[in-house]
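Asker: Starting from these lines, generate the structure:
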Amino acid sequence: MRDNCEKKLVRIIKEQTWLTEVFRNVRNLQLPDCYIAGGMVRNTIWNYLHGYPTHLNQKDIDVIYFDERDINGEREKISEKFLRTKLPNLTWEVVNQARAHLFKPGHSLIRPKVNSSCESISYWSETPTCVGMRLKDDCNFVICAPYGLKDLFNLVVKPIPEPFRDIELYRKRIRDKRWNETWSKLKILDC
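Answerer: Just a heads-up that it's a prediction; the model follows:
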């Protein structure tokens, strides 16, 4: 099942001309352990499954990487500037996950120090958001989906498993994002 979902995800992404340009430009940054993750991937699939154009309902594009030598986040600013120059019609957020544990969290759990971008993705609030993709030089994709892709493709929204589940943050995101108003087929679970 996972293999079929991965093939479907890659097929959908490759069909989107605007996204292939996004992935090529992010790849050109040559950031270590880099993924486009979170809302861009999730919203693209939700849009596709609802029959909407995939470029709609995209707040920003989250680009993450892991570089312990860049704890001050210098490459974040440089990378965002590069991406804004190449694709100025999009909103970019580039974050080094090697330093994400230093941020003051807006929720009750302290983010642990991680060893990779994919490990960091596994701590994000809800399972369909915990997906990242990277375009390799050979034009194949690497997918990070610590909880699989089943929830994403079945339009299920649920919190990540313990021990890093923050149910209050999850509920706040559900309230604030109001995803069910945009994507009516979503099944939002409250655990």
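
Asker: Please make it C-alpha for all contacts and neighbour counts, starting now.
Answerer: Noted.

Asker: what's next to stretch 88-105, contact-wise?
Answerer: Counting by CA atoms under 8 Å, 6 or more residues apart in numbering, stretch 88-105 makes contact with 59-68, 70-73, 76-77, 79-80, 83-84, 110-117, 120, all of which sit outside it.

Asker: buried set for it?
Answerer: Of the residues in stretch 88-105, those with enough neighbours to count as buried (16 or more other CA atoms under 10 Å) are 92, 94-100.

Asker: Output that stretch as CSV - backbone C-alpha positions only.
Answerer: Only the C-alpha atoms of stretch 88-105 are listed here, as CSV (Å, rounded to 0.1, in the frame of the first residue of the first chain):
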residue,chain,number,x,y,z
PRO,A,88,8.5,35.8,-6.5
ASN,A,89,4.8,34.9,-6.7
LEU,A,90,5.2,32.3,-4.0
THR,A,91,5.8,32.7,-0.2
TRP,A,92,8.8,30.9,1.1
GLU,A,93,9.8,29.7,4.6
VAL,A,94,13.2,28.0,4.9
VAL,A,95,14.1,26.5,8.3
ASN,A,96,17.2,24.6,9.4
GLN,A,97,15.8,21.7,11.5
ALA,A,98,19.2,21.4,13.3
ARG,A,99,18.2,24.5,15.2
ALA,A,100,14.4,24.1,15.5
HIS,A,101,14.7,22.9,19.1
LEU,A,102,16.1,26.3,20.0
PHE,A,103,12.9,28.1,19.0
LYS,A,104,10.4,29.1,21.7
PRO,A,105,7.5,26.7,21.1
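
Asker: is it true that Glu68 lies in a helix?
Answerer: No: counting by DSSP: H, G, I helix; E, B strand; the rest coil, Glu68 is not found in a helix; it is coil.

Asker: Just the pLDDT for the nearest residue to it once chain neighbours are set aside.
Answerer: Nearest non-adjacent residue to Glu68, counting by CA to CA, 6 or more residues apart in numbering: Ala98, 5.4 Å away. Note on Ala98: pLDDT of 94.

Asker: re the thing from before, can you tell me which of the buried residues of stretch 88-105 lies nearest to Leu155?
Answerer: Checking the buried residues of stretch 88-105 against Leu155 by CA to CA gives Trp92 as the nearest, at 25.1 Å.

Asker: Would you map the strands across the chain?
Answerer: 35-37, 61-65, 92-96, 132-135, 141-144, 156-157, 187-188 (DSSP state E).

Asker: Any idea which of those gets closest to Lys150?
Answerer: That would be strand 156-157 among the strands of the chain, by CA to CA, at 8.2 Å.

Asker: Remind me what that closest one packs against, helices and strands.
Answerer: Here strand 156-157 is seen to pack against strand 187-188 when contacts are counted using 3 or more CA pairs under 8 Å, 6 or more residues apart in numbering; DSSP states H and E.

Asker: So what touches the strand it packs on?
Answerer: By CA under 8 Å, 6+ apart, strand 187-188 touches 155-158, 180.
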